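Engineer: The sequence isn't on hand, but the structure is:
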């Protein structure tokens, strides 16, 4: 996950050095692409707690895989359509014409990438729940290597090679997504208990897809609300000017890179919590989430602090613009605050996934981020990017409080023996 985010960071850095206007257009498109792909990934994470209890029984597991694929196709198609609509969304939200003129076919290339990510996520969720995280990492590293290589060639334009700007970045991202999806699907077919079985989804079992969706869709809604509001923040920053949009883009790219550590830790807790939830073992459920929370906070805090300390060397990687560089450095302490509070709420949210209780996360995020979206424009107008990012950190913290309360309530079981007898 860190490698994938680093690949996006390469695009941000290359485009920033290519042209500030191209970086601003990239930021506007990513404001839709990020929530779209996060929604797809969120919906498919809801499949994970259904996989864990069936990990030793391929006959029971296969219907879950097929239905998960249909869920991915449905959500992925909707998300791809949203990404393809970026030029229209930009016009409606008041993005400057100079920024929109830079887009070209970039949104359509990223729409194809969304579909590939949906196919990849349907396999990734199953592989992680089965304990094959290393195989998922291999697919991700191959995709990221392709993305970084193509970005350097098509965006950076080394030597006599011409630079294709945003179009080159789009080709690199699409190729990366297709490679990762292909490797994940082949891995699922050949390296798990499903070896030799067909993974073609066939005709959809609507009732079974709906059962998975009952857990996955609220989670997708949670992620969609979060990243859609982050998109609103990007558009609010873009209305100030091209420089603010570029600074905000770098900040969000750094947050996405660092935050992947928290997401990875949170995902790793889901199979553990699913097993403990089958036994109604409150102590181990809570112990898993506490351990995940401390680990996530330690890692993201260390990385963010390192970025601040090394800012004289890190910031120049993203832009040659002398006016933009000091603005990025000023934003870095707030990047630390945002990513730490985001990690705090994320691990508890993954704990709720393991309990198959995703609606409380949706409600918490909708309330906190809904309020943030409502005040984004006036806050940015009054206090600039600093005020906007302070409001974002506060919204993350309030989310963490709400999710922690819900997790504690849903992980409280009154009589383990009575539950075990009921299962038997």
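Structural biologist: Great, that's in hand. Just so it is clear, the structure is predicted and the values come from calculations on it, not from any experiment.
Engineer: What's the first helix or strand after the one helix or strand residue 223 maps to?
Structural biologist: Element membership for residue 223, per DSSP states H and E: helix 206-240. As assigned by DSSP H and E, the chain's next helix or strand after helix 206-240 is helix 242-278.
Engineer: Pull out the buried residues from that next one.
Structural biologist: Under the neighbour-count criterion of 16 or more other CB atoms under 10 Å, helix 242-278 has 242-277 buried. C-betas here are computed from N, CA, C, even on glycine.
Engineer: picking up where we left off before, can you check what angle separates the helix holding residue 223 from helix 242-278?
Structural biologist: Using axes from the mean of the first three to the mean of the last three CA atoms, to 10 degrees, the direction of helix 206-240 lies 150 degrees away from that of helix 242-278.
Engineer: Show me what helix 206-240 is packed up against.
Structural biologist: helix 20-45, helix 48-51, helix 58-84, helix 242-278, helix 325-354, helix 359-410 (3 or more CB pairs under 8 Å, 6 or more residues apart in numbering; DSSP states H and E).
Engineer: switch to 7 Å and redo it
Structural biologist: Other elements packing on helix 206-240 under the criterion 3 or more CB pairs under 7 Å, 6 or more residues apart in numbering; DSSP states H and E are helix 20-45, helix 58-84, helix 242-278, helix 359-410.
Engineer: And these: which comes nearest residue 235?
Structural biologist: The minimum distance between residue 235 and the helices and strands packed on helix 206-240 falls on helix 20-45, with 6.5 Å, by CB to CB.
Engineer: next one: the closest one to chain centre, how far?
Structural biologist: 9 Å (CA atoms, centre = their mean, to the nearest Å).
Engineer: Please apply the same query to stretch 341-360.
Structural biologist: That offset, for stretch 341-360, works out to 14 Å (CA atoms, centre = their mean).
Engineer: Any buried residues in that stretch, and which?
Structural biologist: So, applying 16+ other CB under 10 Å, buried residues of stretch 341-360: 341-360.
Engineer: Can you tell me how far the residue lying closest to residue 244 once chain neighbours are set aside is from residue 273?
Structural biologist: Excluding the flanking residues, the one nearest residue 244 by CB to CB, 6 or more residues apart in numbering is residue 237, at 4.7 Å. As judged by CB to CB, to the nearest Å, residue 237 and residue 273 stand 37 Å apart.
Engineer: do residue 250 as well
Structural biologist: Here the distance between residue 250 and residue 273 works out to 35 Å (CB to CB).
Engineer: Then residue 316?
Structural biologist: Counting by CB to CB, the gap from residue 316 to residue 273 is 43 Å.
Engineer: so what's residue 349 up against?
Structural biologist: With contact set as CB atoms under 7 Å, 6 or more residues apart in numbering, residue 349 has these partners: 266, 361, 403.
Engineer: The first one is in contact with residue 353, isn't it?
Structural biologist: No: no contact is recorded between residue 266 and residue 353 when judged using CB atoms under 7 Å, the distance being 8.2 Å.
Engineer: quick revisit: list the buried residues in the helix holding residue 223.
Structural biologist: Buried residues in helix 206-240, counted by 16+ other CB under 10 Å: 208-209, 212-213, 215-240.
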